[in-house]
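A.B. asks: I would like the atomic coordinates for the input below:
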Amino acid sequence: MTMKKTYAVFGLGRYGIAVARELVRHGAEVIAVDSDERIVNAAADELPICKCADVTDPDVIRELGISNVDVVIISMATNLEASVMAVTLCKEIGVKTVIAKSANEMHQKILLRVGADTVVFPENESGIRLAKNLLSSGFVDMVSLAKNVSMVELDVKPEWVNKNLIELNMRKKYSVNVVAIHKGEAVSVDIDPHAPLQADDKLIVIANTEKLSELF
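C.D. replies: Got it, this is the predicted structure:
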């Protein structure tokens, strides 16, 4: 049985609370942290593990057990110094994936340099979308088209390699429609359903959002 990933969200502003809330809503274990006690108290009812703490303090990071977390989302874009310190501390203790929110491109360069694995811009990446991407193992990207419909780019599963779309019958089995195939730098919408899929292909599909988890 595959173990669920665990997450920590540092900074519970509008973006951070959206990420944490969506992760918790889908059953993920989330450590939510903010330095403002009023914000923590307001979020405590919907976030089971919600702490008031200074994530720029190495002792606090250790006490929170962040070394056991799979993914840390640092949502403190207005405080570059705190973001840099949090990224650095997380990577030092061995957190595999650190995602940081950035206010601008200059800050992005700095955060990447100190170890952030991914940097997002809040105006381009909604907190809910980030959470869905994190929860959907194997999904490269997800864009919500409507309340229950999403367009997703996903990796070809090992068991799909050398099989074609007719054999896989994905529409019937997974309720998804393949609309394009991403091969290297090229994206083709003229799909040959008889062509075998390759391991490095990516499928662009439109699907019922609630059924996407069945793919993985």
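A.B. asks: ok, Thr78 - how many residues close by?
C.D. replies: 12 (other CB atoms under 10 Å). Where C-beta positions appear, they are placed from N, C-alpha and C, glycine not excepted.
A.B. asks: pretty sure it is touching Asn104, no?
C.D. replies: No. Counting by CB atoms under 8 Å, Thr78 does not reach Asn104; the two are 11.0 Å apart.
A.B. asks: May I ask which helix or strand of this structure has the lowest mean pLDDT?
C.D. replies: Every helix and strand in the chain was compared by mean pLDDT, DSSP states H and E; the lowest is strand 139-146, with a mean of 49.
A.B. asks: The next helix-or-strand element following it - contacts with which helices or strands?
C.D. replies: Where DSSP states H and E defines the elements, the next helix or strand beyond strand 139-146 is strand 149-155. On a contact count with 3 or more CB pairs under 8 Å, 6 or more residues apart in numbering; DSSP states H and E, strand 149-155 meets strand 139-146, strand 202-208.
A.B. asks: ok, now which ones touch the residue located most distally from the centre of the chain?
C.D. replies: Residue farthest from the centre of the chain, counting by CA atoms, centre = their mean, is His194 at 32.9 Å. His194 sits next to Asn164, Ile166 when contact means CB atoms under 8 Å, 6 or more residues apart in numbering.
A.B. asks: low pLDDT regions in this protein?
C.D. replies: When residues are selected by pLDDT under 70, those of the chain lie in 1-3, 122-148, 185, 209-216.
A.B. asks: And the strands in it?
C.D. replies: 6-10, 29-34, 49-52, 71-74, 97-101, 118-120, 139-146, 149-155, 176-183, 186-188, 202-208 (DSSP state E).
A.B. asks: Cool, thanks, signing off.
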